[in-house]
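Visitor: model the following, please.
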Amino acid sequence: MKDQFALGRGMWAMVTLIYGFFLFLVVAAVVDVVTNPSLASSSFELLWVGAILISGWSIFFRMPRRIEIVEDGLQFVAPSRTVLIPWRSLQSVSSPRTDINGQSLRWSWEGGTLRAWGPYDHDLARLLHIVRHNAPNADLERAVTRRPSWWGRRVPRSR
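Guide: The predicted structure follows:
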């Protein structure tokens, strides 16, 4: 059983644009440091460039691009790493509170947590169904809702 869920093209384009913007900012800051060698501004800009490079690297190279379903568990494939989550150690799949669209998922297992952005090119419900079938002890309660809990809640009017 080898099923794959690859990151959608729209998300690929967004991540590439964000990383391109990060690279533009890095080049602009380096050019500014070279042309205006003031000690105070140079040290701040170099720290700022370092922060941009670290965050851009984590977004672009460590974010899973593909989820593969293998016999042992779920395998998250990114350009710089591959993470295997065994079925027996998967504890929960949840949607983070900061994700308003319900597209990214936080996968928790005994060895840690991983956040995977979406949307993927296949249906999310199909992926969660496979996870529920292979890891029945995993908590999938929050992952199946695509909207936050406050979305669509009716507030009674006071008259």
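
Visitor: ok, residue 3 - contacts?
Guide: Contacts for residue 3 (C-beta atoms under 8 Å, 6 or more residues apart in numbering) come out as 68-69, 130. To be clear about C-beta, it is placed using only N, CA and C from the backbone, and glycine gets the same treatment.

Visitor: which one of the residues you listed is nearest residue 137?
Guide: Of all the contacts of residue 3, residue 137 sits closest to residue 130, with 14.9 Å by C-beta to C-beta.

Visitor: what about that closest one, is that helix, strand or coil?
Guide: Assigned with DSSP: H, G, I helix; E, B strand; the rest coil, residue 130 falls in the helix class.

Visitor: if I pick it, what's in contact with it?
Guide: By C-beta under 8 Å, 6+ apart, the neighbours of residue 130 are 3, 69.

Visitor: and it, what pLDDT?
Guide: Residue 130 carries a pLDDT score of 87 in this model.

Visitor: and what of residue 89?
Guide: At residue 89, the pLDDT recorded in the model is 92.

Visitor: go ahead and confirm it touches residue 108.
Guide: No: the pair residue 89 / residue 108 is not scored as a contact, 9.7 Å apart, by C-beta atoms under 8 Å.

Visitor: look at these two and report which has more neighbours.
Guide: residue 108 (17 against 14; other C-beta atoms under 10 Å).

Visitor: how does the protein divide into domains?
Guide: Following automatic domain parsing, the chain resolves into domains at 8-62, 66-134.

Visitor: quick one, helices of this protein?
Guide: Listed in chain order, the helices of the chain (DSSP state H) span 9-35, 39-62, 124-134.

Visitor: just send those helices back as JSON lines, with distance to residue 77 too.
Guide: Shown next, in JSON lines, are the helices of the chain (distance: least, C-beta to C-beta, whole Å):
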{"stretch": "helix 9-35", "distance to residue 77": "14"}
{"stretch": "helix 39-62", "distance to residue 77": "11"}
{"stretch": "helix 124-134", "distance to residue 77": "14"}
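
Visitor: wait, which of the ones you listed is closest to residue 85?
Guide: helix 124-134 (9.7 Å).

Visitor: quick one: the closest one to chain centroid distance?
Guide: Mean-position distance between helix 124-134 and its chain equals 18 Å (C-alpha atoms, centre = their mean, to the nearest Å).
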